[in-house]
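Asker: My questions concern the predicted model and sequence given below.
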Amino acid sequence: TEVYTSGLAGRLPTVPVDPGRLERAARRKMGRRAFAYVVGGAGSESTIRENRAAFERWRIVPRVLRGVVGRDASVELFGRRLSYPLLLAPVGVLEVAHREADVAVARAAARLGVPFIFSSQASKTMEECAAAMGSAPRWFQLYWSESDELVESFVARAESCGCEVIVVTLDTIMLGWRPRDLDLGSLPFLRGMGIAQYTSDPVFRRSLAGPAGGASERPPVTPSTLRALLGLARRHPGGLLRNLRSGEPLAAVRRFVSTYSRTSLRWEDLAFLRERTRLPVLLKGILHPEDARIALEHGADGVIVSNHGGRQVDGEIAALDALPGVVEEVGGRAPVLFDSGIRGGADVFKALALGATAVCLGRPYVYGLALAGERGVAEVVENVLAEFDLTMGLAGCRSVAEISRDLLAPAATPP
Ligand code: FNR
């Protein structure tokens, strides 16, 4: 109602309401490299397109005359009641979008009561973000480092920051093949961005004293990607090494590249984490139903069906197409969250109808951040929530529990 009435009062939105216009406005505002990093995906970007096409293949079939006053969009997740089935996905290197980066997002999230998942690759430390959130809900996303000690340290810090869930991202044990970044010779973290969780960590700082990257530490960026990037960086003066004049930042970046991810990670390793935290552990990047089953067998408290917004594997299944199979396999034993391709409230509705417990919003809030900082993030999220609430009501649902599979039908014509 507020979104509409502010329009009636003659107030224009700060950021475009339409997702396409939002993205285009952000492209105009952001630098070329920054926008390429956020918008881009793996290979030909067919996975990004497929994520959207999958939403178009489902149509909503509303029910009428169901008395939809006083709708309740809340869901319970890990012992906390959330007003909406929506969280802010972990997004790294937010400094490419705005100076205040993660802290602006944290403030917006706290104001709306929407949980923010702090990224391992954040531009601001989890301590700074937590301090900006009061008692509002936040989670921590872990990239499982080569270093056991660093994993322990990140998890301990997340606990003392009041994070309520640990999300382990499994689809980025190596960085995907991203032509937009490669063509610009620009991976932000190679320029010293997005490594605040590391450079603020006592274990990481201690490791800087030692030699960078032992023989057993396989770089999570493949050698060929790294070579291509370094070659391009040399041909684009002022790129890669600009932020790394002094020795320590360069050492930090080197150390980060050699330690941020463990390519050798296996199911058995999850026990290590289980023994070190009492927080619920959620596995992000599950697409195969069989993996969802194995995840629960290994003590995961839930999964996030996600293909990382199409940034990792070109030609991958749309996350939405993977959702029903995982939901069926999990069979209500644990929450199944979803992300990759959510652009508006109707998309949230479709994901919930296909069995998701809640969804995460990715790129759209980053565009809001780029355009108008905290206010931009808040507006983008409010718009998604408002459209979701309207869609619920117009489809005849008073509660999230009433958003069921029979309210969807396959599109008669493919998109
Ligand atoms: C991401 N994503 C991500 N995921 C994660 O677990 N840790 C991270 O640090 C990041 N970083 C990141 C940076 C950028 C620029 C983007 C766009 C995405 C993936 C993110 O959590 C989520 O899965 C996708 O963004 C969802 O897809 P959409 O909604 O953006 O299409």
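Answerer: Cool, got the structure. Everything numeric in this text was worked out from a predicted model, so none of it was measured.

Asker: which parts of the stretch 151-300 of the chain sit against the ligand?
Answerer: 169, 284 (CB under 6 Å from any ligand atom). Yep, even glycine has a C-beta here, placed from its N, CA and C like the rest.

Asker: The residue of the stretch 151-300 of the chain found nearest the ligand: how many residues sit nearby?
Answerer: The minimum distance from the stretch 151-300 of the chain to the ligand, using CB to the nearest ligand atom, falls at residue 169 (3.5 Å). Using other CB atoms under 10 Å, residue 169 has 23 neighbouring residues.

Asker: likewise residue 157?
Answerer: 21.

Asker: can you pull the contacts of the nearest residue to it once chain neighbours are set aside?
Answerer: Spatially, and ignoring its direct neighbours in sequence, residue 157 is nearest to residue 126 (6.1 Å; CB to CB, 6 or more residues apart in numbering). Contact analysis of residue 126 by CB atoms under 8 Å, 6 or more residues apart in numbering lists 118, 140, 157-158, 161, 163, 197.

Asker: if we can go back for a sec, which secondary structure element contains the closest residue to the residue of the stretch 151-300 of the chain closest to the ligand other than its chain neighbours?
Answerer: Nearest residue to residue 169 in three dimensions, chain neighbours excluded: residue 284, at 4.5 Å (CB to CB, 6+ apart). Following DSSP states H and E, the helix or strand that holds residue 284 is strand 281-286.

Asker: Partner strands of that strand and their direction?
Answerer: Applying DSSP bridges, strand 281-286 is found paired with strand 166-169 (parallel), strand 302-305 (parallel).

Asker: Can I get the next helix or strand after the first one in CSV, CA atoms only?
Answerer: Proceeding N to C from strand 166-169, the next assigned helix or strand is helix 179-184, under DSSP H and E. Coordinates of the C-alpha atoms in helix 179-184 are reproduced here as CSV (Å, rounded to 0.1, in the frame of the first residue of the first chain):
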residue,chain,number,x,y,z
PRO,A,179,34.5,-13.8,-20.4
ARG,A,180,33.3,-10.3,-19.5
ASP,A,181,35.9,-10.1,-16.7
LEU,A,182,38.6,-11.9,-18.7
ASP,A,183,38.1,-9.4,-21.6
LEU,A,184,38.5,-6.5,-19.3
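
Asker: buried set for helix 179-184?
Answerer: 180-182, 184 (16 or more other CB atoms under 10 Å).

Asker: that older thread, can you report how many residues neighbour the residue nearest to residue 169?
Answerer: Residue 284 has 24 nearby residues by other CB under 10 Å.

Asker: Perfect, that will be all.
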